[in-house]
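A.B. asks: below are the sequence and a predicted model; questions follow.
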There are 2 protein chains.
Amino acid sequence: MADSMLDESILDMPLEQMVTFRVSRLHAKMSAQASNILKNSAGISLMQWRVFVMLETHGKLTPAAIVRRTELDKGQLSRAIKGMVNAGLISSAPSESDQRAHVIDFTEKGLEVFHLARPHMRQRQTRLLNSMTAAEREALFGAMEKLDAVVDELEAEQ
Amino acid sequence: MADSMLDESILDMPLEQMVTFRVSRLHAKMSAQASNILKNSAGISLMQWRVFVMLETHGKLTPAAIVRRTELDKGQLSRAIKGMVNAGLISSAPSESDQRAHVIDFTEKGLEVFHLARPHMRQRQTRLLNSMTAAEREALFGAMEKLDAVVDELEAEQ
DNA sequence: TTACTTTGGTTGATCCGTCAACAAAAAAGT
DNA sequence: ACTTTTTTGTTGACGGATCAACCAAAGTAA
């Protein structure tokens, strides 16, 4: 019953209510704000911030390991790392086990810069999560996982 | 209680669980898929599709009216419309009441092209929405609205 | 009227995300 | 051993998104 109603209402669904569009607008808004906070507090980009977060939670890493965990684009990541090494924010040492790879890690300066941004980003994250009830948070993440899965399904069907 | 637990767990939250990052990945995945479907079925872009959807649900429109309702970038929209007029997908007539504005509408060809894509897009939308329960759908949209609002709040505080 | 502000639309600059091509090294298959 | 395939990382090209500058018309206020 809920489904049949759904099927019909889709016919005239305005753009503003479509899932992809809403996610798209939310994404634009949230990442623009994150970028601003990062630029103002630490002068780094969102991509650089993400590299820092990965280093903090997992320790020294190779770019490939970051790609595996995050599905970030390896080209984009490569450029971000180059910029960070250049700016003295991270160190890059050749891997012992793999001649192709290099292991990146915080430099002292990088850690300082990271700590400039972290309280702002953490407070924002807290605010974002606390705007929802626990049930809403679970529903949101659950719904995002389901959407993710359906996109994969549709992909496989083609 | 739930909140204090939340506050602490944020300290070591991996990137993969952060809200902005998750929304970002979901956005990338969903819009890439939508773009593919649109390209394959009708040879149009996501932006062009959105213009079509606006015309279908609201009838003839000026670009400014679209911007007001969707918050799409007016520059981006201007270029999309130029391309669509050029491709014969929409008509552009000078507004009677405002010498600056022009009113756009479907051409016959545009309507045909739109109808090529619509069943695919509608089916996808249905599948996306049906992957969730009614409660989850409400939670998702509610959560997105709340996140949207918090971003605005944070913006205002700066 | 005449000045000032707001709105509608176009354009250019710039940045970000995505994709494909490529070289070097490693791993797997024979 | 040697050939083939996979993985790692860099680079170039391209399209999309964002932002600011700008012009023309409308609206507002004096």
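C.D. replies: That came through, no problem. Residues are numbered from 1 along each chain as shown, chains lettered A, B, ... in the order given.
A.B. asks: could you give the mean pLDDT of stretch A:142-158?
C.D. replies: Mean pLDDT, stretch A:142-158: 87.
A.B. asks: check whether it comes into contact with chain B.
C.D. replies: Yes: contact of stretch A:142-158 with chain B (CB under 8 Å from any CB of the partner chain) involves A:G142, A:A143, A:M144, A:K146, A:L147, A:D148, A:A149, A:V150, A:V151, A:E153, A:L154, A:E155. C-betas here are computed from N, CA, C, even on glycine.
A.B. asks: the last one: what's it in contact with?
C.D. replies: Applying CB atoms under 8 Å, 6 or more residues apart in numbering or on different chains, one finds that A:E155 lies in contact with B:Q33.
A.B. asks: quick check: buried residues in the helix or strand containing it?
C.D. replies: In the assignment (DSSP states H and E), A:E155 maps to helix A:134-157. Applying a neighbour-count criterion of 16 or more other CB atoms under 10 Å in any protein chain shown, one finds A:E136, A:R137, A:A139, A:L140, A:A143, A:M144, A:K146, A:L147, A:D148, A:V150, A:V151, A:L154 buried in helix A:134-157.
A.B. asks: ok, the most centrally placed residue in chain A to DNA strand C distance?
C.D. replies: Nearest to the geometric centre of chain A sits A:R50, at 6.6 Å (CA atoms, centre = their mean). According to CB to the nearest atom of the strand, to the nearest Å, A:R50 stands 9 Å off from DNA strand C.
A.B. asks: with A:E108 instead?
C.D. replies: 25 Å.
A.B. asks: now swap in A:G110 and tell me
C.D. replies: 18 Å.
A.B. asks: which residues are in contact with that residue?
C.D. replies: A:G110 neighbours (CB under 8 Å, 6+ apart): A:F52, A:M84, A:G88, A:L89, A:I90.
A.B. asks: I'd like to know how many residues surround the fourth one.
C.D. replies: Here the count is done by other CB atoms under 10 Å in any protein chain shown, and A:L89 has 24 residues near it.
A.B. asks: just give the nearest non-adjacent residue to it, would you?
C.D. replies: Leaving aside its sequence neighbours, A:L89 sits nearest to A:G110 (CB to CB, 6 or more residues apart in numbering or on different chains; 3.7 Å).
A.B. asks: hang on, the earlier thing: ok and the helix holding A:E155 relative to helix B:134-157, angle-wise?
C.D. replies: Helix A:134-157 and helix B:134-157 are oriented at 110 degrees to each other (axes from the mean of the first three to the mean of the last three CA atoms, to 10 degrees).
A.B. asks: just the CA trace of helix A:134-157, in CSV.
C.D. replies: Only the C-alpha atoms of helix A:134-157 are listed here, as CSV (Å, rounded to 0.1, in the frame of the first residue of the first chain):
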residue,chain,number,x,y,z
ALA,A,134,20.2,8.5,17.9
ALA,A,135,17.3,6.9,15.9
GLU,A,136,17.7,9.4,13.2
ARG,A,137,21.4,9.0,13.0
GLU,A,138,21.0,5.3,12.6
ALA,A,139,18.3,5.7,10.0
LEU,A,140,20.4,8.2,8.1
PHE,A,141,23.4,5.9,7.9
GLY,A,142,21.3,2.9,7.3
ALA,A,143,19.5,4.7,4.5
MET,A,144,22.8,5.8,3.0
GLU,A,145,24.0,2.3,3.0
LYS,A,146,20.9,1.0,1.3
LEU,A,147,21.1,3.7,-1.3
ASP,A,148,24.7,2.8,-1.9
ALA,A,149,23.7,-0.8,-2.3
VAL,A,150,20.9,-0.1,-4.7
VAL,A,151,23.1,2.0,-6.9
ASP,A,152,25.5,-1.1,-7.1
GLU,A,153,22.5,-3.4,-7.9
LEU,A,154,21.3,-1.1,-10.7
GLU,A,155,24.9,-0.9,-12.0
ALA,A,156,25.1,-4.7,-12.1
GLU,A,157,21.9,-5.0,-14.0
